Each structure stands twice: as structure tokens, then as C-alpha cells.
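1. Give me the fold of what follows.
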Amino acid sequence: YALSFFLPSIIGTYGALGPVQIGLLTSVPWIFSALGALLLPRLATNSDRPRLIATATMVGIVAGSTLGAVGGPVLGLVGFCLAAFNFFALQPILFTYPATRLSGAALAGGIAFVNTVGLFGGFLGPYVMGFMEDVTGSKLSGLWFIVAMCVIGATPTRFLKRGAEDPTKASLGAH
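-> So this is what the prediction gives:
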């Protein structure tokens, strides 16, 4: 959410751009986010791939956000595209973990927990971005907070473990 809210103002620092130009440039990373959400989760087909993809996407978010913070207009936009591609590829993969380890009410609680953590980040991120901008006067300073949180988040993704996937569990839970 922080990137969603602050990307237009970050792109606005790239030069003398009008509102339509800023809007069009702001849409480019979200096109890449749709591609990421469509392409990468399809590769998470066995027990090892989701963990590898989750770790790789976290690294991609770190790399993209860092490039966005230091890259200037063209490289910065490329960085934001990379970060958005990876962020929206990561989300569906993370939601599969509770389903492989839990069932019934515990599954509902596990999915709710994953969602709550994500929503908390969505609530906290824009506040921190705004605070960092107010303190430093730079629209990019809050990106370093995002980079730090993603570095911290990338570490445990390497250790995610899926449960025994029982194909009958999904059909039983649907009844």
C-alpha cells in the first residue's frame, strides 16, 4: 500500500511531468504486478518450489525497491516494476501455506492470520512512508524502511515448510 499511495508523488519528482504523464507512468508497475501474479505462482507446483519462489520474490522486492530508491527516473521505474512484479507473485504463494498444514477452523485461523499480517503491513507502510518523508524531506526515504522490512521478511521465507498435501482434504473441506 505504501508504494501504491506514494508512487505518484515519487514519479512526480522525476521532472516536469503533468498529472496525466504521472498517472500513465504510475500504471506501468501495476501492469508488471498483474504479470507477476499470473506467471510465477503457476511454477509453485511441488513442495520445494513455493519456498524458492517466495524467497526469490522477496529478494526481487528488495532489489526493485532499492533500484527504485537510487535509480533515477528510468532505472527507478524499472525497479518499481520489478518490485511490483514480485510482490504480487508472492501473495498467492504465501496463502497456500496454511492450506497444506491446517484444516477446518485452524485453516480459517491460519488464513486469517496471514491476511492480518498483510493488512497490518498495509496499514503501517503508508504511515511510515509519510513519517519518513516528513522527517527527511525526501519522498524516497520511506522506501528504505520497505527495503529493510523485506530483508527481514526474506530470511524466514527460506525456512517455510509445507505440510503433507492431501488432495482429498480440499474435496472434504468443500462439503
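2. For Leu75, give its distance to Ala2.
-> Separation of Leu75 from Ala2 (C-beta to C-beta, to the nearest Å): 20 Å. C-betas here are computed from N, CA, C, even on glycine.
3. Those two: who's more crowded?
-> Taking neighbours as other C-beta atoms under 10 Å, Leu75 and Ala2 compare with Ala2 leading, 22 against 12.
4. Could you check which helix or strand contains Val20?
-> Following DSSP states H and E, one finds Val20 within helix 19-39.
5. cool, and Thr66?
-> Going by DSSP H and E, Thr66 is part of helix 49-70.
6. That helix to helix 19-39, inter-axis angle?
-> Calculated by axes from the mean of the first three to the mean of the last three C-alpha atoms, to 10 degrees, helix 49-70 forms an angle of 160 degrees with helix 19-39.
7. The helix or strand following helix 49-70: which residues count as buried?
-> The first helix or strand that comes after helix 49-70 along the chain, using DSSP H and E, is helix 72-94. Neighbour counts over helix 72-94 (16 or more other C-beta atoms under 10 Å) mark 76-90, 92-94 as buried.
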